[in-house]
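S.K.: How does the following fold in three dimensions:
(chains A and B)
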There are 2 protein chains.
Amino acid sequence: MSDSISIASPADFHVHLRQGKLSELVTPHVREGGFSLAYVMPNLTPPIKSTKDALDYKTRLESIDPHVDYLMTLYLSPELTPEEIRKAKEAGVVGVKSYPRGVTTNSDGGIESYEAYYHVFEAMEEVDMVLNLHGEVPSDAAADIHVINSEPHFLPHLIKLHARFPRLRIVLEHATTRAAIETVKSLGSTVACTITAHHLALTVDDWAGQSWNYCKPVAKYPDDREALREVIREGHPRFFLGSDSAPHPVYNKSTASPSHGCAAGIYTSPILLPLTAHLLESFDALDKLEGFVSTFGRSFYGRPVQSEQGAGLVTLRRVVRKVTSSYSRGEDIVSPFWAGRELGWEIVPRQ
Amino acid sequence: MSDSISIASPADFHVHLRQGKLSELVTPHVREGGFSLAYVMPNLTPPIKSTKDALDYKTRLESIDPHVDYLMTLYLSPELTPEEIRKAKEAGVVGVKSYPRGVTTNSDGGIESYEAYYHVFEAMEEVDMVLNLHGEVPSDAAADIHVINSEPHFLPHLIKLHARFPRLRIVLEHATTRAAIETVKSLGSTVACTITAHHLALTVDDWAGQSWNYCKPVAKYPDDREALREVIREGHPRFFLGSDSAPHPVYNKSTASPSHGCAAGIYTSPILLPLTAHLLESFDALDKLEGFVSTFGRSFYGRPVQSEQGAGLVTLRRVVRKVTSSYSRGEDIVSPFWAGRELGWEIVPRQ
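M.R.: Predicted coordinates for the structure are as follows:
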């Protein structure tokens, strides 16, 4: 059992870097967590809907930490045109994110059906932009659709989109169910899937009455968690890390009033690589760490792995260390997942 | 559509009246909520395990509000003997409550299997004491058992107990699933089932990220809620109200830290009859209100309905009124379910 592991260029293919002061606090945590590539979600207020907005946002992130490769995305909305897609592609924007209406933070402008966007998807397929899907349908009590089965109910949309646009690269984001894993495996090479670190740890029991473990999609059953673990243990190249690291101010996570619940989101950026190593080791998949956090995702997105020593290599060493309880900057305070708990790995500082 | 309803002697066949200062705050809310009978849960610290403890507890409750008929219960534990059952019966104790280990507030001493208690159940059957079952098995990730399927996994125990002790009166408490409703319906006349008011309102979506709606058993899927509503609409006499009203200090309900979640329990006592009327009306079962909150439960437990005018009659009138946001006494503060929301009924004060 080795006491150190070196990973080529860890890449987080799904992260929320927020805006304003909170962004200044959390953006540096991408590198603190061991990552040099951040695939940046567009659900700001207002959402990132144009090439110009995406480039402006990228400039702001680079002013906070210039040493990260930020891959930018647009928010799928009726304003998005095939012309804007081509313009975005030329400007280096990588993907378009689709949110079902109302299911997570800042998704009120999300989509309700996909047919209206087929002309946009055609343009994306043509120029090779990636479609990132938040794979849940909105809850509907009359149809017995709720937070637990909202992902399985979304999968027919994924299957249909892939059949209609077989060359369009699609990523089902933050999969949480055995049904989702099996569906993605059954589809072609243009369909991939991100998995978060926290969904490798949590089940429904963990967020029952514990808002710090509450995120969307919610963690599901133990058997679903086992399916996520299995596909990583298998080393399947179309399944890779997207942390969905989603910081919220501590008061929004810790305090609920009778009229208002807690924010959905789990913050893993500052501990992401040690946490992922710790979790993969817990289910005998540590040998798949580099594939899961670096090479599989980079390969799907066509991003080179910078593995030459001294450039993109990150080394972990085995040591028991408690997760920092909170991070603050000015008035902003965030707490990471597993605050106060022990991880078995830490990042070796660069010389 | 009538603007007033009179109900004979509402009876709450499952309520937590707590101990100490909190008990002084919440016990008077039984009558404030329109009820004159309280079937009192024994999960204090330490639990009520003997006839003496039950009688002492009853005396304390009567000193707080003597105008309620308190039906007392014992906590099923290895200390309980057939002799103690006979003694309890003679002293007027009505039932024995079984908690699976670790599934809810103060259940650390709960049971793990029933065979060890068969001699106690034989004595209970003989003297006609009621067995009240918290119908959940503990979570077990290796067996894919979690808070959502813990009640269906318990049902084989209920079936087996009823087969072995067909004359023993058994109540499956606070049923939350279609499976539980169907199972109880399929069993004999000695098996009944309580349903809470809040489980007629909530689904899993409501407690996701909202600790004020978190209780055990957790609210399940919309289709499960529909099954609870259907059996009430049907007017089935073996299904009746047990509020499981479970007050906690507001800070234990509202605030979670990364290391500690919120308390499980929903507090409905002070608004119980108006809330139940409001909910039953919402699913076209208002004509079943008296059966559900009074006669069905009293009939199963063999408690007379005192319906003569001026004795046990409670009248509701139609009026839109906001639920009080909190109740306090000294340093204790509790907030009721639906705080700040509107109910369509209120209790007419007695002349």
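S.K.: can you give me the helices in the stretch 1-150 of chain A?
M.R.: A:20-26, A:29-32, A:51-64, A:82-90, A:118-127, A:150-164 (DSSP state H, counting those that start in this stretch).
S.K.: To B:G340, which of the ones you listed lies closest?
M.R.: Closest to B:G340 of the helices of the stretch 1-150 of chain A, according to Cβ to Cβ: helix A:150-164, at 27.9 Å. No exception for glycine: its C-beta is placed from N, CA and C like everyone else's.
S.K.: Which neighbouring elements make contact with that closest one?
M.R.: Contacts defined by 3 or more Cβ pairs under 8 Å, 6 or more residues apart in numbering or on different chains; DSSP states H and E place helix A:150-164 against helix A:118-127, strand A:130-134, strand A:170-173, helix A:178-186.
S.K.: what's that helix in contact with?
M.R.: A:100, A:103, A:114, A:118, A:121, A:131, A:133, A:135-139, A:145, A:168, A:170, A:172, A:175-177, A:179-180, A:183-184, A:187-188, A:190-191, A:217, A:220 (Cβ atoms under 8 Å, 6 or more residues apart in numbering or on different chains).
S.K.: Could I have the buried ones of those as ChimeraX selection syntax?
M.R.: The ChimeraX selection below is limited to those of those classed as buried (16 or more other Cβ atoms under 10 Å in any protein chain shown):
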select /A:100,103,114,121,131,133,135,136,137,139,145,168,170,172,175,176,177,179,180,183,184,187,190,191,217,220
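S.K.: which stretch among the helices of the stretch 1-150 of chain A comes nearest B:W338?
M.R.: helix A:150-164 (25.2 Å).
S.K.: want to try a markdown table for the helices and strands packed on helix A:150-164, with distance to A:L76 as columns?
M.R.: A markdown table is the format used below for those (distance: least, Cβ to Cβ, whole Å):
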| stretch | distance to A:L76 |
| --- | --- |
| helix A:118-127 | 7 |
| strand A:130-134 | 8 |
| strand A:170-173 | 12 |
| helix A:178-186 | 20 |
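S.K.: Could you dump the ones you listed into TSV and include distance to A:Y251 and mean pLDDT?
M.R.: Below are those laid out as TSV (distance: least, Cβ to Cβ, whole Å; pLDDT from 0 to 100):
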stretch	distance to A:Y251	mean pLDDT
helix A:118-127	38	97
strand A:130-134	26	98
strand A:170-173	27	98
helix A:178-186	33	98
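S.K.: can the ones you listed go into CSV with extra columns for distance to chain B?
M.R.: What follows is those, written out as CSV (distance: least, Cβ to the nearest Cβ, whole Å):
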stretch, distance to chain B
helix A:118-127, 30
strand A:130-134, 16
strand A:170-173, 19
helix A:178-186, 10
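S.K.: Which of those sits closest to B:I333?
M.R.: Of all those, strand A:130-134 comes closest under Cβ to Cβ, at 38.9 Å.
S.K.: Using PDB, list the CA coordinates for that closest one.
M.R.: Extracted in PDB, the C-alpha atoms of strand A:130-134 (Å, rounded to 0.1, in the frame of the first residue of the first chain):
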ATOM      1  CA  VAL A 130     -20.900  19.900 -25.300                       C
ATOM      2  CA  LEU A 131     -24.500  19.700 -23.900                       C
ATOM      3  CA  ASN A 132     -24.400  19.400 -20.100                       C
ATOM      4  CA  LEU A 133     -27.700  18.100 -18.700                       C
ATOM      5  CA  HIS A 134     -28.900  18.600 -15.100                       C
END
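S.K.: That one pairs with which strands, parallel or anti?
M.R.: Sheet pairing of strand A:130-134 (DSSP bridges) gives strand A:95-98 (parallel), strand A:170-173 (parallel).
S.K.: what's next to it, contact-wise?
M.R.: Contacts of strand A:130-134 (Cβ under 8 Å, 6+ apart): A:14, A:73, A:94-100, A:103-104, A:107, A:110, A:121, A:124, A:154, A:157-158, A:161, A:168-174, A:301.
S.K.: tell me the contacts of the residue in the stretch 101-250 of chain A that chain B sits nearest to?
M.R.: As assessed by Cβ to the nearest Cβ, chain B sits closest to A:Q210 within the stretch 101-250 of chain A, at 3.3 Å. Neighbour list for A:Q210: B:256, B:261-262 [criterion: Cβ under 8 Å, 6+ apart].
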